[in-house]
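K.L.:
sequence first, predicted coordinates after that:
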Amino acid sequence: MDKAKSKKVVSYNKWGYIFLIPFVVVYCVFQLVPLASTFYNSLFENYRSGLTQVGPNFVGFQNYVKLFTNGDLLIYAKNTMIMWILGFVPQILVSLLLGAWFSDPSLRLKYQRFFKTVIYLPNLIMASAFAMLFFTLFSESGPINSILLNLGIISAPYKFMSHVWSVRGLVALMNFIMWFGNTTILLMAGMMGIDPSLYEAAQVDGATATQIFFQITLPLLRPILLYVMITSLIGGLQMFDVPQILTNGTGDPVRSSMTLIMYLNKHLYSKNYGLGGALSVLLFIITGILSLIVFRINTRTSK
């Protein structure tokens, strides 16, 4: 009997492996092979100078050394982090507030489904279309300048695209509008999973709504908050389409809105495959480290 059962288990396992084959094949063809090819290309000097093709010449890790020594990498990393922080801080605050409102049955908010749908809709709009909309709204002859002029707040059209912090602020504002709905849904799901008896016990003990939020809700939401923060940071490191379209790929003014992926795109556009590959590998390593941090902290929290 034992042998018959073991044979049956093995036969079931066989079908599991068979169903995994399409995923493994797709992963190898579209993920593993390109990753290995990118790392391979990063070890070569391979670029075009005018009409002359230089390389490919094997240079080892010189491309990585060049990235860290020319200073541009740190500048663009700083730009990326600044715009991510400007968008993420209001995003998490507003999402926590909305999540607490929507998940609190005592408030008895009406039309919740409508508002949940509305706040999530911007997440469905293409970032390129969103960037074009903001470019039109905040141009010198756009509606925002017209409103400010008519109200007498300014005497001449404000050049939003010519000032460092206005461009960074617009990029952060667009990222906030596009993603706060998604973050609200995630946090609200976490809040609704908290045992209601904890809230009831706290109310019986005389705890205020503020104390309940900071002493019960936030600590129990820590795994989801961490997940949201790290995934948002990974998305911030990959920030490209919004600043690319808003600044027409220049990262102006004075490269203050140039992100790491825009920097990578410039290398690929100029066919500098060596430096482009090195930068891609660095971003992959950073993303992998951040993902590992999330996994380890969530594992510890669940224990």
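P.N.:
Received the coordinates, thanks. Source: prediction; values computed, not measured.

K.L.:
Gly193: neighbour count?
P.N.:
11 (other C-beta atoms under 10 Å). (Each C-beta comes from the backbone N, C-alpha and C, glycine too.)

K.L.:
residues contacting the residue lying closest to Ile75 once chain neighbours are set aside?
P.N.:
Spatial nearest neighbour of Ile75, excluding adjacent residues (C-beta to C-beta, 6 or more residues apart in numbering): Arg255 at 6.9 Å. Residues in contact with Arg255 (C-beta atoms under 8 Å, 6 or more residues apart in numbering) are Ile75, Tyr76, Asn79.

K.L.:
Arg255 should be in a strand, yeah?
P.N.:
No - going by DSSP: H, G, I helix; E, B strand; the rest coil, the assignment for Arg255 is coil, not a strand.

K.L.:
who wins for neighbours among the contacts of Arg255?
P.N.:
Result: Asn79 is most packed of the contacts of Arg255 (other C-beta under 10 Å), 24 neighbours.

K.L.:
right, and that one touches Ser257 too?
P.N.:
Yes - with contact taken as C-beta atoms under 8 Å, Asn79 and Ser257 are classed as touching, separated by 6.2 Å.

K.L.:
which residues do those two both contact?
P.N.:
Overlap of the contact sets of Asn79 and Ser257 (by C-beta under 8 Å, 6+ apart) consists of Arg168, Gly251.

K.L.:
quick revisit: and which of the contacts of Arg255 is nearest Leu237?
P.N.:
Ranked by distance to Leu237 (C-beta to C-beta), these are led by Tyr76 at 10.7 Å.

K.L.:
contact partners for that closest one?
P.N.:
Gly251, Arg255, Met258, Thr259, Leu260, Met262, Tyr263.

K.L.:
if we go to 6 Å?
P.N.:
Met258, Leu260, Tyr263 (C-beta atoms under 6 Å, 6 or more residues apart in numbering).
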